[in-house]
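[1] here is a sequence together with a model predicted from it:
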Amino acid sequence: MTLRFACINTYLTDNLDTIQTPEDLAAALHLPLHALEEIVWQGAERSVADYIAAVRVRQLQHYLQTTEVSIDAAGFLVGFHTEAEAVAAYRKATGLQPARRQRIRQASRAPVTA
């Protein structure tokens, strides 16, 4: 991973709620869009739009696995506009509904009673 890509990744992760498009990210980083596209392709082998979506879903997964926030709230924190948008992106990336993932997580943490 190049240093430039690592910096882009860190910036995107820290500012996911404000970055919606590749153009937003390029403007925030003061980079021409074609330069951003080249850096992201070399670092992640995907388009900037696909990379933003992947980071957003990864952060959504993190919130759902490590906190008790709702799907809607977690989705909002990572830049989704609606719960439906967050659910669709999560399902596309993981094959699971986020609510199912939360139930699995809660079941694995449930205390065993005798």
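    Done, it's in. Residues are numbered from 1 along each chain as shown.

[2] low-confidence stretches in the protein?
    Along the chain, the model assigns pLDDT under 70 to residues 1, 100-114.

[3] what's the longest helix in it?
    helix 48-66 (DSSP state H).

[4] and that one, what's buried?
    Residues of helix 48-66 classed as buried by neighbour count (16 or more other CB atoms under 10 Å): 48, 51-53, 55-57, 59-61, 63-64. Using the backbone N, CA and C atoms, a C-beta is placed for each residue, glycine as well.

[5] swap in stretch 17-26?
    Buried-residue list, stretch 17-26, by 16+ other CB under 10 Å: 19, 22, 25-26.

[6] my read: Ile71 touches Ala86, true?
    Yes - at 6.1 Å, Ile71 and Ala86 qualify as touching, with contact defined as CB atoms under 8 Å.

[7] need the overlap of contacts for these two.
    Pro98 (CB atoms under 8 Å, 6 or more residues apart in numbering).

[8] which parts of the chain are helices?
    3-14, 22-29, 33-44, 48-66, 71-77, 83-94, 98-109.
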